[in-house]
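Enquirer: here is the input, now give the coordinates:
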Amino acid sequence: MAKILALSSNPDRQTPRQALRARTLSEAFPATFADAAAPGLVLRALTRESRPVLWVQDRLSARETGAPYMLRAQGGPEVLRVALSRPADVLQAMEDGLACTALSAVIGEIWGNPPALSFTASKRLVLRAERSALPCWLIRPGAEADLSAARNRWRVASLPSSPHPDDRQAPGAPRWRAELFRSRLARPGTWVVAHDGAADRLDFSPASGDGALGAGDGTDRRRAAR
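Expert: Numbers count the residues shown, from 1 in each chain. Model prediction:
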């Protein structure tokens, strides 16, 4: 699989792999609200972290997409899940988590476009994440890409898994279509991302552009946040 070696002649630009692990606020928009690609990719980007990851969900996200599940035997950090009712409470819990030195990352999952998730709220998360030097993610099922201070904004869709090296009838490594559609740290682009289990890393190759699984934001089945 071809690798992306450089995105720009600007030496300060991050690679897409670095952008996924950036110690700031990033957002991930699933292709559809039922697509688990965004949580899967975010967790894979954090597998080398040794300290626990805080995962905070609002009521609608938990009801519509389910709770995160990750066996530590499969690699990766322990996931500490907090379930809250209101988006405003999720944002406050994320801010509190970013002040905790025992965590390696903070993930929030908020359904749709609630008023509490304003530009000011996202800017507060950016400042706290960068002050603490922790990756911070907002996963936004059923949402439009509205105004946000997030440094990186991704659209993520599931792709068929890679061929299994030993069994053609079995699924291989997971793959995603990841579109970095807005970034202050890296050049935007679209890639096919695959997890290399042997090396425990994410490999990036250019997307074919055939549109077979074009990125979307789930607005076709969006439900009102309440």
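
Enquirer: ramachandran angles for the closest residue to R51 other than its chain neighbours?
Expert: Closest residue to R51 apart from its sequence neighbours, by Cβ to Cβ, 6 or more residues apart in numbering: S104 at 3.8 Å. (C-beta placed from N, C-alpha, C; glycine too.) Per-residue torsions, S104: phi -100, psi -20 (degrees, to the nearest 10).

Enquirer: next one: S104, what pLDDT does it get?
Expert: S104 is assigned a pLDDT of 95 by the prediction.

Enquirer: repeat for S50
Expert: pLDDT, S50: 83.

Enquirer: may I have the secondary structure class of it?
Expert: The local conformation at S50, judged by DSSP: H, G, I helix; E, B strand; the rest coil, is coil.

Enquirer: what's the spacing between V56 and S158?
Expert: Computed as Cβ to Cβ, to the nearest Å, the V56 to S158 distance reads 23 Å.

Enquirer: who has more neighbours, the two?
Expert: With neighbours defined as other Cβ atoms under 10 Å, V56 and S158 compare such that V56 has more, 23 against 19.

Enquirer: and the more buried one, how far is that from A170?
Expert: 35 Å.

Enquirer: pLDDT weak spots in the chain?
Expert: For the chain, applying pLDDT under 70 flags the ranges 1-12, 70-76, 208-226.

Enquirer: let's see that with 90 instead.
Expert: Applying pLDDT under 90 to the chain flags the ranges 1-14, 32-36, 43-50, 65-78, 160-174, 195-202, 206-226.
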